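Peer 1: Pasting the sequence and the predicted model now:
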Amino acid sequence: METEAMKTQMFLPVYRAAAQSLAPFSGLFLRRRAQRGKEELARLGERRGQAGLARPDGRLAWLHGASVGEGLALLPLVDRLIGKGFHVLVTTGTVASARILAQRLPSGAFHQYAPLDAPRFIERFLDHWRPDLFLLAESEIWPNMICAVHARAIPIASVNARLSPRSFARWRLAPSFISALLSRIDICLAQSEDDAGRLLQLGAPRVVAAGNLKYDVEAPPADPDRLRALFTGLGPRPVWIAASTHAGEEALALSAHKRLVRQLPDLLTIVAPRHAIRGDEITALARAAGLETAQRSRGEAPGASTQVYVADTMGELGLFYRLANVIFVGKSLVGQGGQNPIEPAKLGSAILHGPHVGNFIDVYAALDQGGGAFVVNDADDLAGRLAFLFSNPRDLRQAAEASRESVAAMGGAADRVMRALEPYVAAMIVSGQ
């Protein structure tokens, strides 16, 4: 009878061969994605392992995250690795993450798109960059990438590692395969004890619950001139933000606005969708509701009579978060899982959210219990909670401060991760790398 180990030994070569056979079609695949705005046409070579930059001399740490959230969570480690004498290469796979990291990476760090998980592309990438250390963020598990790095005896760490119960159940269907991959990772630094336990059960040889790096990320920056211009244009009017919204939530936000405007006639609602490409759709929705609307991507600024401002640009959330101290965080009323509330909380905002926050359950639990966040179930709830907070500025200030304190208390993961990585860094120093 065929054993699971035999299946694993067969599956890795099959996966490798399949990825290799599809590599010649990658150009067509990538160009089609570029036509949909999902790739940068001028940088498609990076997705095939062709470097867009020269490798700097000296030690190089390669950090990889899937998209915006994972890439930003790596920033505290970027700063600390630079402080230890590394150059830092950060790779991600999305256009949005590339643009935001271009604004946020410090001197000594740079971004490239991650190569597709085909052997020839991975080998080409590694031949050029020759990393001394490889850090994978969260749930990124790419077989060819992990196997190729391991084969070159480059230390691999999974940082901010997480494994949801659903993913855990799926991987348990192929236990030897996932164990073979996890065994090539030198250390898994998990977000929580639960994540650590699931990784250990799947075969990770060394796991430490280090905490969530997202609590250590600095609040998003804001251009001071743009911020001043917006403050001047708005004046002393009540402002709230529906941030990182998904389809269906904008309609609820607009409905809440129309209820509130009877009590707060000069209210401004800022809608910052999770996907900026939906800006035209949301603007049309607001205007169809009879609301005077301005749209950021079209160069429009909110005036005294603007009721809804559609903030459909990338990399400016830090700007808008500073305009309001009460923020609804999306993907929590419509859709599942919720978006990350840590950034607005760090800037001292009371947080409103729907009941569906499974992707960030720990931070929402801390915010709710600490009095910095409130659950709303529909447009009526949303309007009611906003009305209460705007009518009771002392309660709003207390909630905003509680929000800030809750996320501050959950920090420290970056230092714990660096302590866990110290033996690998020390070994490089001793060996003269």
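Peer 2: Now that the structure is in, tell me what you want to look at. Predicted model, so just to flag it, every value in this text is computed and none were measured.
Peer 1: For stretch 58-70, buried residues please.
Peer 2: 59-70 (16 or more other Cβ atoms under 10 Å). In this view, the C-beta of every residue, glycine as well, is placed from N, C-alpha and C.
Peer 1: Would you reformat those as CSV and include pLDDT, distance to V149 and secondary structure?
Peer 2: Shown next, in CSV, are those (pLDDT from 0 to 100; distance: Cβ to Cβ, whole Å; DSSP: H, G, I helix; E, B strand; the rest coil):
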residue, pLDDT, distance to V149, secondary structure
R59, 96, 16, coil
L60, 97, 13, strand
A61, 98, 12, strand
W62, 98, 8, strand
L63, 98, 13, strand
H64, 98, 10, strand
G65, 97, 16, coil
A66, 95, 17, coil
S67, 93, 21, coil
V68, 92, 24, helix
G69, 90, 23, helix
E70, 95, 18, helix
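Peer 1: count of neighbours near A409?
Peer 2: Counted by other Cβ atoms under 10 Å, the residues lying close to A409 total 11.
Peer 1: So I270: helix, strand or coil?
Peer 2: Under DSSP: H, G, I helix; E, B strand; the rest coil, the three-state class of I270 is strand.
Peer 1: who's it bridged to?
Peer 2: Counting by DSSP bridges, I270 is bridged to I241, Y309.
Peer 1: Wait, it touches R237, no?
Peer 2: No. I270 is beyond contact range of R237, at 11.6 Å (criterion: Cβ atoms under 8 Å).
Peer 1: And the two? Which one has more around it.
Peer 2: The neighbour count for I270 versus R237, taken as other Cβ under 10 Å, is higher for I270 (24 against 13).
Peer 1: and that one, what is it in contact with?
Peer 2: By Cβ atoms under 8 Å, 6 or more residues apart in numbering, the residues touching I270 are 239-242, 308-309, 311, 320, 323-324.
Peer 1: Let's see that with 6 Å instead.
Peer 2: 241, 309, 311, 320 (Cβ atoms under 6 Å, 6 or more residues apart in numbering).
Peer 1: still on that earlier bit, I'd like the buried residues of stretch 58-70 laid out as TSV, including distance to P155.
Peer 2: Output for these, formatted as TSV (distance: Cβ to Cβ, whole Å):
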residue	distance to P155
R59	12
L60	13
A61	10
W62	11
L63	13
H64	14
G65	18
A66	21
S67	24
V68	26
G69	24
E70	20
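Peer 1: Return the distance of stretch 343-360 from the chain's centre.
Peer 2: 14 Å (Cα atoms, centre = their mean, to the nearest Å).
Peer 1: Just the CA coordinates for it, please, in CSV.
Peer 2: The C-alpha coordinates for stretch 343-360 follow below in CSV (Å, rounded to 0.1, in the frame of the first residue of the first chain):
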residue,chain,number,x,y,z
GLU,A,343,-3.1,51.7,12.2
PRO,A,344,-6.1,53.9,13.0
ALA,A,345,-5.9,52.7,16.6
LYS,A,346,-2.3,53.8,16.8
LEU,A,347,-3.3,57.3,15.7
GLY,A,348,-5.9,57.5,18.5
SER,A,349,-9.3,56.8,16.9
ALA,A,350,-12.3,55.1,18.3
ILE,A,351,-13.0,52.0,16.1
LEU,A,352,-16.3,50.8,14.9
HIS,A,353,-16.6,47.4,13.2
GLY,A,354,-19.1,44.8,12.2
PRO,A,355,-19.3,41.3,13.8
HIS,A,356,-17.1,39.5,11.1
VAL,A,357,-13.6,40.1,12.3
GLY,A,358,-12.1,36.6,12.4
ASN,A,359,-8.9,37.6,10.6
PHE,A,360,-7.9,40.0,13.4
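Peer 1: How about that stretch, which residues are buried there?
Peer 2: Within stretch 343-360, judged by 16+ other Cβ under 10 Å, the buried ones are 343-354, 357, 359-360.
Peer 1: neighbouring contacts of it?
Peer 2: 219-220, 321, 325-329, 332-333, 336-338, 340-341, 364, 367, 373-376, 385, 396, 399-400, 403-404, 407.
Peer 1: Mark which of the residues you listed are buried, thanks.
Peer 2: 219-220, 321, 325-329, 332-333, 338, 340-341, 364, 367, 373-374, 376, 385, 396, 399-400, 403-404, 407.
Peer 1: ranges for the helices of the stretch 101-250 of the chain?
Peer 2: Applying DSSP state H, counting those that start in this stretch to the stretch 101-250 of the chain gives helices spanning 119-129, 143-151, 165-171, 175-182, 193-201, 224-234, 249-260.
Peer 1: What is the first one packed up against?
Peer 2: Contacts defined by 3 or more Cβ pairs under 6 Å, 6 or more residues apart in numbering; DSSP states H and E place helix 119-129 against helix 143-151.
Peer 1: out of everything not next to it in sequence, what's closest to the spatially most central residue of the chain?
Peer 2: In the chain, the centroid-proximal residue (Cα atoms, centre = their mean) is G69; its distance is 0.7 Å. Excluding its sequence neighbours, the residue lying closest to G69 (Cβ to Cβ, 6 or more residues apart in numbering) is N340, at 6.0 Å.
Peer 1: How about V271?
Peer 2: A242 (4.9 Å).
Peer 1: Any idea how many residues pack against that neighbour?
Peer 2: 27.
Peer 1: tell me the contacts of it?
Peer 2: 253, 271, 328.
Peer 1: Run through the residues that contact the first one.
Peer 2: The neighbourhood of A253, defined by Cβ under 6 Å, 6+ apart, consists of 242, 271.
Peer 1: same deal with the last one?
Peer 2: When contacts are counted by Cβ under 6 Å, 6+ apart, F328 is found next to 242, 352.
Peer 1: repeat that with 8 Å
Peer 2: F328 neighbours (Cβ under 8 Å, 6+ apart): 240-243, 245, 253, 351-353, 376, 382.
Peer 1: Using the three-state scheme, assign it.
Peer 2: F328 - assigned by three-state DSSP - is strand.
Peer 1: can you start the count at 53 instead of 1 from here on
Peer 2: In the new numbering, first residue 53, that becomes F380.
Peer 1: Look up how far L282 lies from it.
Peer 2: 19 Å (Cβ to Cβ, to the nearest Å).
Peer 1: cool, I193 as well?
Peer 2: Counting by Cβ to Cβ, the gap from I193 to L282 is 42 Å.
Peer 1: This completes my enquiry, with thanks.
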